[in-house]
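Engineer: I'll drop the sequence and a predicted model, then ask my questions.
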Amino acid sequence: MRLADRTKAIKPSPTLAMNAKAKALKDAGEDITNFGVGEPDFDTPNNIKEAAIRAIRDGFTKYTAVDGIDELKAAIADKFRNDNGIDYTRDEIMVSCGAKHSLYNIAEALFGPGDEVIIPAPYWVTYPDQVLLNDAMPVVVETDEKNSFMIDPGLLRKKLTARTKALILNSPSNPTGLAYDRETLMSIAELAEEHDFYIISDEIYEKLVYDGFRHISIASLGEEAKQRTIVVNGLSKSHAMTGWRIGFTAGPRDITKAMTNIQSQSTSNPTSISQKAAVEALRGPQEFIGTMLAEFDRRRTYMVDRLNWIDGVTCKTPVGAFYAFPNVSSYFGRAYKGRVIGNSLELSTYLLEEAKVALVPGSAFGDDKYIRLSYATSMESITRGLDRIEEALGNLK
Ligand SMILES: *Cc1c(COP(=O)(O)O)cnc(C)c1O
């Protein structure tokens, strides 16, 4: 077989791989606690399902406009106005088959050979690979948990070159659960203006925030910031709609047009039925989000408290998303039955095999000191899983 070179540059999503491994063990009869999941454990609300069923009954089952139906784009424009205080016209908005697809369209429209794309680590696993798939170079910039994993604008400045094309921001963040403050966003926006690069702002966890945290979109900081930002958002996380595949972007007209052309030659429109469901998700009652959030909040508090109780583990309290990202590096160098744990992957493998707990090693997100645990799973699983982790870590000497 002679595959294209780009297939050699990338790896399959490690989070999906971990999920598959846990599932295989579970299917083989093992009692696995799965902290690897990257989606809400809630069902899509009924009003949204009903809208989809209506769409099918009404025969709304044909091709639509490539970039989404007007009704949905209008609902998205209202969302940006109401939630973020940003005015977008319809030709600045585009709907795709999930936020991951939106990000991919952006990568295709903007990146090429010689381009450098700044990615703060820890990062969502997909960003570097999407850059590589489009022949550009990811430039990973370390962040510090003491600074809530926000990129240090001084360090960012040092990484900028004439080839810097864009910076990919993700706030609130998967995997850290931390989020950017206004001051840091302002500094980044100023640097973007000064050095002429784009900001890709993945805000998929905007609705899942705790402790009264207020999400700020960098595009809302002013006309200049808006003109060089492409905001990515979607319904997968906020409305428990991962399988429906609806994501969207808001950004400059020319980039949106280029992305629409690319989408017109790849997937065409997102599913017509899902688009009708998305209109209901955005326009219908929003109580579901509060209910889900209250439950996530309860689990978050429990999980983070327990992690911090474990000797040698430290975990910052996440303000968003549904992940805990504890620092477990004090366990590296310890051993169980002669087997030395040297890094986050070895620790994760140990925890899967010995404690029957699936989670994702920090190395998948570009920082080996950590592991990621999702609390989008039942309180019962969380309690059991943490009992097992505590015991297994205690066995490392
Ligand atoms: C889940 C996730 C996405 C993608 O969501 P879609 O299901 O493709 O809409 C994008 N970014 C981050 C950080 C995510 O965690």
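Structural biologist: Thanks, I have it.

Engineer: close to the ligand: what parts of this structure are there?
Structural biologist: Residues of the chain found near the ligand (Cβ under 6 Å from any ligand atom) are 38, 98-100, 124, 170, 174, 202, 204, 234, 236-237, 242, 247. Heads up, the C-betas are built off the backbone N, CA and C, glycines and all.

Engineer: those in strands, which ones?
Structural biologist: Per DSSP state E, strands hold the following members of the residues of the chain next to the ligand: 170, 202, 234, 247.

Engineer: what's the farthest-apart pair in those?
Structural biologist: The most widely separated members of those are N170 and G247, with 13.7 Å between them, by Cβ to Cβ.

Engineer: now do the shared contacts for these two.
Structural biologist: Common neighbours of N170 and G247, counting by Cβ atoms under 8 Å, 6 or more residues apart in numbering, are I204.

Engineer: what does the helix ranked longest in the chain rub up against?
Structural biologist: Ranked by number of residues, the top helix in the chain under DSSP state H is helix 287-309. By Cβ under 8 Å, 6+ apart, the residues outside helix 287-309 that reach it are 40, 42, 45, 207-208, 210, 238-240, 313-315, 317-318, 322, 324, 326, 373, 375-376, 379, 382-383, 386, 390.

Engineer: redo that, cut-off 6 Å
Structural biologist: Applying Cβ atoms under 6 Å, 6 or more residues apart in numbering, the external contacts of helix 287-309 come out as 42, 45, 207, 210, 313, 315, 317, 322, 324, 326, 375, 379, 382, 386.

Engineer: now do stretch 242-257
Structural biologist: When contacts are defined by Cβ under 6 Å, 6+ apart, stretch 242-257 is touched by residues 39, 76, 80, 88, 91-99, 101-102, 109, 230-232, 234-236, 270, 274, 277-278.

Engineer: not counting sequence-adjacent ones, nearest residue to P120?
Structural biologist: What sits nearest to P120 in space, not counting adjacent residues and going by Cβ to Cβ, 6 or more residues apart in numbering, is I151, at 4.2 Å.

Engineer: any chance you could map the helices in this structure?
Structural biologist: Ranges of helices within the chain are 6-9, 14-27, 46-57, 70-79, 99-110, 126-133, 153-159, 182-195, 223-227, 253-264, 272-283, 287-309, 344-354, 379-394, based on DSSP H.

Engineer: circling back: buried ones among the ones in strands among the residues of the chain next to the ligand?
Structural biologist: By neighbour count, with 16 or more other Cβ atoms under 10 Å, those hold 170, 202, 234, 247 as buried.

Engineer: ok, so of those, who is nearest L345?
Structural biologist: Of all these, L345 sits closest to N170, with 22.2 Å by Cβ to Cβ.

Engineer: who's in contact with that closest one?
Structural biologist: Taking Cβ under 6 Å, 6+ apart as the criterion, N170 is in contact with 124, 202.

Engineer: relative to D67, how far out is T161?
Structural biologist: T161 sits 33 Å away from D67, going by Cβ to Cβ, to the nearest Å.

Engineer: hang on, I meant K11
Structural biologist: Distance of K11 to D67, computed by Cβ to Cβ: 31 Å.

Engineer: next, count neighbours for whichever residue of the stretch 251-397 of the chain sits closest to the ligand.
Structural biologist: The ligand sits closest to A321 of the stretch 251-397 of the chain, with a gap of 7.2 Å, by Cβ to the nearest ligand atom. Residues near A321, counting by other Cβ atoms under 10 Å, number 30.

Engineer: wait, it sits on G177?
Structural biologist: Yes. Judged on Cβ atoms under 6 Å, A321 makes contact with G177 at a distance of 4.8 Å.

Engineer: returning to what we had before: buried ones only from the contacts of stretch 242-257, please, as a ChimeraX command.
Structural biologist: Selection of buried members from the contacts of stretch 242-257 for ChimeraX, criterion 16+ other Cβ under 10 Å:
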select :76,80,88,92,93,94,95,96,97,98,99,101,102,109,230,231,232,234,235,236,270,274,277,278
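
Engineer: if we can go back for a sec, need the contacts of helix 287-309 in TSV with pLDDT, can you?
Structural biologist: Output for the contacts of helix 287-309, formatted as TSV (pLDDT from 0 to 100):
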residue	pLDDT
F42	97
P45	98
K207	98
Y210	98
V313	98
C315	98
T317	97
F322	98
A324	98
P326	98
Y375	98
M379	97
I382	98
L386	98
